[in-house]
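> whatever this is, show me its structure:
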Amino acid sequence: MAIGHEVFDHLEYDGTFYISSDVEEDERLDDDYAGFVFGYQNNRRFYLCIWKRQYQQYFNSGVPRPTAFRGIQLKVIDSVTGPGPELRNAIWQTDGSINQSRLLWFNDVAWQFDTAYRWHLVYNPASGYIRVRWTQGSTLIADSGVVYDRTHYGGRTGVFVFSQELVTFSNLRYRCLQTTDYLLEFSGTNSGVALGAVESIVGSNSFTISAWILLKRSGNPSCYLDRNITFGNPNMSGPSLGIFRQSTDDEIDWTITNLESPTADTGPSEDHTGNGGFYVFLDVPFRFPFVYTFEGYRAVLESVDFYSSPGCTLSFWYHMYELVAGYPHMGMLDVEVYYSIFGWHPVFHRQLNQGNRWHSAIIDLSPFKGTIRLRFVGRKGIFQGSKCEIALDDITLSSECGQQEPCVKDMPIFGSTTADGIRVLLRNGSLQAGAAGSTNVIGTKSLPSSTWFHVALQYNIQKQMQSVFINGQLDASLTLYSNQSSTKQSDNFLLGQHMECTLKDTWIDEVRVWAAAVNVTETYNKILQSDQSPYLHAYWRFNEPSGRLLKDEVDGNNATLPDSWYNSLCQFVGHRRLNCNMFVTTATVSVALYVFLLIIINVLIVHV
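Alright, predicted model coming up:
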C-alpha cells in the first residue's frame, strides 16, 4: 500500500493500472489483487477498491480459509485489530468480516494481463456518496452505481496491491471543485409542493414522470409484522416471501419451491419440517465442461422496516450442502442488520459444506435498538465437477420485534388531491403507483435506504399500460382494461404529498415530466445533461440556492416551496462540479508524491 500525504474531503480520484505478463511461464498464473485506497485515516480505517483475476482460497490461514472471488470489490475497512493476520484475511475475503471489514459492492469480472484499466471515483464524505467506474479505453467495464456509506469521513488516497507482481500505476489525478447543486428535504412538518394542475403539467395522454430520491431511513416501520415467514402454505395461500422482498442490490434472486432441490444429489429434499412446505434456495447447477461460473453472484432477501426492542430475536433454518465434501465450491450465507445511517452490519456468516441436513440459528437483535431492517445474502461459490446449494426456511421473529400500534405506511413521492389521481407511493419499502383510476401497479423490489435511486411512473395510452421503473429498469407493469386517458384534470399535481399524506425524512432532486411514454432506460442517468427530447414538458432541477421559488426550466411551471433549500449531497457523477475542500491545500505536494509513486510502486508489493 502506498499512501499520499494530503487529506481530502470531497473529491474525484482517477488512475490507471496495468499488469504485465512479461514473466516466466509458471508466474503467469498470478491472479491476485490490485486497486486503490481512499478515505485513508490510519492503517485500521480506510476504503478499498480492489480487483481479483480468479477465485482463490488463502493458504496457511487456518480453517475456514478466507475466500477471494474473481471480480471487483468495494469495501470499508474498520478493523478492531489493525495490521495482522485478521486484517490480512479480511482484505483477502471477498465478503465482509466481523470487526474488520464490510463489503459495499461487488462485480464479477476478471482483469486481464497487458491491459490498461482506469478507475474514476467520486467520493463525498458529507453524504457518504461513493461511486466507482472502471473503463478500458472508452468501454465501461463496471459501475458501482451510487453506494452510500459514512463509516469514515474523508482521508488520504493511494494505491494497493496484494500478492500481485508487475503492477504499474499511472496518470493518477484528483479534482477539487465547488458544489453547485441543491436538493429539497421533506421533513413531514409541512405540506408537499403543488406543481400545478394535472392538465398543464402531465396532460391527458401518455406521460412519464421521474425523480431522484434518497430515504434518510428505510421508510415507516411495518405496523403489523408477520413474524413467521414459512414461504407459503401449499394447501392455502401458495408461495410467499412474507415481509421479505427480492432486493434490487444483487445479481440473482432466491427461488421458492415445495419440491425437492432441482439439482440431484445436493440441497434439501424437502422443507425442514418434512411436511411438504415451501422454502427458498440458491442453486449452483452442475454443468459440463467443468468451468468456474457465477462466482460471487448474490441473491438478497430484504425485509421491511420494524422496531427492535429488548428481547427481539431472529431464528431461521439453513441448508448448505455440496456433493463432493471437502472442496471449496460452496458459496456463503450472511445475515446483516441495517439499523442506522452507517449501513449494514454482519451478524451471521457461514461458508463451505455444512452437511446434508437442516441447521437452526438464533440471533439476538436487541442490541440494535429502534428501527431496523434485515437481509439474507446468499453468494454463489464456484464449482469444478461438484454440486452445491444454499437454502433457507422458517424465518421467525420473536414477539418483542415490531409493534402493534397504528402507523402511516405510505410515503408519497408524487400525488394528487384525490385518492385515484396520479400517485407514486412507497409502501412497506416497495413502489405502488397509479396513472389514473383506483388500480395500482405494485412493485416487486424493495428500495434501499440511505442510497440515491431513480424512480419513474409511465402511462402508455396506446398500450393501456402503466409501469414503474427503478434505476432505469422495469420493476412492474399493469394492463388497464378500460380507457384511462381522462386523468383528473382539475387535480393538483403534488410533489411529496398524496391527499393528506405527506413525505418525511426524504431528499428529492431532479424531477422531470415527459408528455410521452419515453424510453426510461435511456433517460436514466442522463440526469444533469441537456435533455433534447421534444417530449420533455417540465424539468425542476432544484438549483435555486435561496428563496422559495422552484423553477421549471422548460415551460415555466414554477412552484412555491414549503421547506428550505439544502445543499445537495447527491453528487451525480460525471455531469456537474463537485465540492472538494481539502484540509491541506498544498496540492503541488500531492502531484509530486504521485510522480514519486510511479517510480517506486513496483517495489511496494505485498507479496505472500
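
> got any ranges where the stretch 101-250 of the chain has weak pLDDT?
126-127, 177-181, 187-190, 216-224, 233-237, 249 (pLDDT under 70).

> contacts only, for residue 549.
558, 559, 560, 561 (CB atoms under 8 Å, 6 or more residues apart in numbering). Yep, even glycine has a C-beta here, placed from its N, CA and C like the rest.

> which of those residues has the most neighbours?
Highest neighbour count within the contacts of residue 549: residue 559, with 22 neighbours (other CB atoms under 10 Å).

> from residue 18, how far out is that one?
The gap separating residue 559 from residue 18 is 51 Å, by CB to CB, to the nearest Å.

> rewinding a little: just the contacts of residue 549 now: which is nearest residue 67?
Nearest to residue 67, judged by CB to CB, of these is residue 561 at 51.0 Å.

> tell me what residue 393 is bridged to.
residue 317 (DSSP bridges).

> over to residue 246?
residue 301, residue 445.

> let me know whether it touches residue 298 as I believe.
No - shown here, residue 246 and residue 298 do not form a contact pair, counting by CB atoms under 8 Å, at 11.3 Å.

> which of the two has more residues huddled nearby?
Comparing residue 246 with residue 298 by other CB under 10 Å, the one with more neighbours is residue 298, at 21 against 17.

> dump the residue contacts of the closest residue to residue 392 other than its chain neighbours.
Nearest non-adjacent residue to residue 392, counting by CB to CB, 6 or more residues apart in numbering: residue 280, 5.1 Å away. Taking CB under 8 Å, 6+ apart, we find residue 280 in contact with 231, 241, 254, 255, 256, 257, 301, 391, 392, 393.

> neighbours around residue 158, how many?
Neighbours of residue 158 under the rule other CB under 10 Å: 23.

> so which helix or strand takes in it?
Using DSSP states H and E, residue 158 sits in strand 156-162.

> got it, and residue 87?
helix 85-92.

> surely residue 173 touches residue 16?
No - Residue 173 is beyond contact range of residue 16, at 9.8 Å (criterion: CB under 8 Å).

> got the angle for the helix or strand that comes right after the helix holding residue 87 vs helix 85-92?
Sequence-wise, the next helix or strand downstream of helix 85-92 (DSSP H and E) is strand 101-107. Interaxial angle, strand 101-107 versus helix 85-92 (axes from the mean of the first three to the mean of the last three CA atoms, to 10 degrees): 20 degrees.

> all helices for the stretch 101-250 of the chain, in order.
198-201 (DSSP state H, counting those that start in this stretch).

> in it, which spans are strands?
101-107, 116-124, 129-136, 139-143, 147-148, 156-162, 167-175, 182-187, 193-197, 207-215, 228-229, 232-233, 238-239, 244-247 (DSSP state E, counting those that start in this stretch).

> how about the stretch 301-450 of the chain?
306-308, 313-322, 332-338, 344-351, 359-364, 370-379, 388-397, 410-415, 423-427, 430-434, 441-442, 445-446.

> mind putting those strands in a markdown table, mean pLDDT included?
Shown next, in a markdown table, are these (pLDDT from 0 to 100):
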| stretch | mean pLDDT |
| --- | --- |
| strand 306-308 | 81 |
| strand 313-322 | 92 |
| strand 332-338 | 89 |
| strand 344-351 | 86 |
| strand 359-364 | 95 |
| strand 370-379 | 86 |
| strand 388-397 | 88 |
| strand 410-415 | 86 |
| strand 423-427 | 88 |
| strand 430-434 | 88 |
| strand 441-442 | 90 |
| strand 445-446 | 80 |
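
> which of these sits closest to residue 156?
So among those, strand 344-351 is nearest, using CB to CB, at 25.3 Å.

> that closest one packs against which elements?
strand 101-107, strand 332-338, strand 359-364 (3 or more CB pairs under 8 Å, 6 or more residues apart in numbering; DSSP states H and E).

> give me the contacts around that strand.
64, 67, 95-98, 102, 318, 320, 330-339, 361, 363, 365, 368, 375, 381.

> buried ones among these?
Buried subset of the contacts of strand 344-351 (neighbour count, 16 or more other CB atoms under 10 Å): 67, 95-97, 102, 318, 320, 330-339, 365, 368, 375, 381.

> how close does residue 130 get to residue 120?
12 Å.

> these two: which is more packed in?
Ranked by neighbour count (other CB under 10 Å), residue 130 and residue 120 place residue 130 first, with 27 against 17.

> show me what that one bridges to in the sheet.
Applying DSSP bridges to residue 130 gives these bridge partners: residue 123, residue 147.

> repeat for the one 4 residues further on
Note on residue 134: beta-bridge partners residue 119, residue 142, judged by DSSP bridges.

> wait, isn't it in contact with residue 72?
Yes - contact criterion CB under 8 Å: residue 134 and residue 72 qualify, at 6.4 Å.

> so what sits against both of these two?
Joint contacts of residue 134 and residue 72 (CB under 8 Å, 6+ apart) are 51, 142.

> out of the two, which sits in the busier spot?
residue 72 (24 against 21).

> what's near enough to touch the more buried one?
35, 49, 50, 51, 105, 106, 107, 109, 132, 134, 142 are the contacts of residue 72 under CB under 8 Å, 6+ apart.

> and the pLDDT at it?
pLDDT recorded at residue 72 is 95.

> likewise residue 584?
The model's pLDDT for residue 584 equals 25.

> wait, residue 206 sits on residue 464?
No - in this structure, residue 206 is not within contact of residue 464 by CB under 8 Å, at 10.4 Å.

> higher neighbour count, the two?
When neighbours are counted by other CB under 10 Å, residue 206 and residue 464 differ, and residue 206 comes out ahead with 21 against 15.

> what lines up beside the host helix or strand of residue 47 in the sheet?
If you go by DSSP H and E, residue 47 is part of strand 45-52. Sheet pairing for strand 45-52, assigned by DSSP bridges, gives strand 33-42 (antiparallel), strand 71-78 (antiparallel).

> so which of the ones you listed comes closest to residue 10?
Once the strands paired with strand 45-52 are compared by CB to CB, strand 33-42 is nearest, at 11.3 Å.

> report the buried residues of that closest one.
33, 34, 35, 36, 37, 38, 39, 40, 41.

> dump the residues you listed into JSON lines; add distance to residue 345 as well.
Output for these, formatted as JSON lines (distance: CB to CB, whole Å):
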{"residue": "33", "distance to residue 345": "25"}
{"residue": "34", "distance to residue 345": "29"}
{"residue": "35", "distance to residue 345": "24"}
{"residue": "36", "distance to residue 345": "25"}
{"residue": "37", "distance to residue 345": "23"}
{"residue": "38", "distance to residue 345": "22"}
{"residue": "39", "distance to residue 345": "19"}
{"residue": "40", "distance to residue 345": "22"}
{"residue": "41", "distance to residue 345": "20"}
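
> so which of those is the closest to residue 548?
Using CB to CB, the buried residues of strand 33-42 come closest to residue 548 at residue 39, 36.3 Å.

> let me know whether that closest one touches residue 129 as I believe.
No - between residue 39 and residue 129 there is no contact under CB under 8 Å: 11.9 Å.

> joint contacts of these two?
With CB under 8 Å, 6+ apart, residue 39 and residue 129 have common neighbours residue 123.

> now the end-to-end length of stretch 359-370.
Using CA to CA, to the nearest Å, one end of stretch 359-370 lies 29 Å from the other.

> contacts for it?
Taking CB under 8 Å, 6+ apart as the rule, stretch 359-370 contacts 307-320, 335, 337, 339, 345, 347-348, 372, 400-401.

> reformat the strands paired with strand 45-52 as CSV; add distance to residue 534.
What follows is the strands paired with strand 45-52, written out as CSV (distance: least, CB to CB, whole Å):
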stretch, distance to residue 534
strand 33-42, 41
strand 71-78, 39
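
> so for residue 85, which of these sits nearest?
That would be strand 71-78 among the strands paired with strand 45-52, by CB to CB, at 14.8 Å.

> show me how far the closest one is from its chain's centre.
Taking the mean of its C-alpha atoms, strand 71-78 sits 14 Å from the chain's own mean (CA atoms, centre = their mean, to the nearest Å).

> same check, this time on stretch 76-94
On CA atoms, centre = their mean, the centre of stretch 76-94 falls 23 Å from that of its chain.
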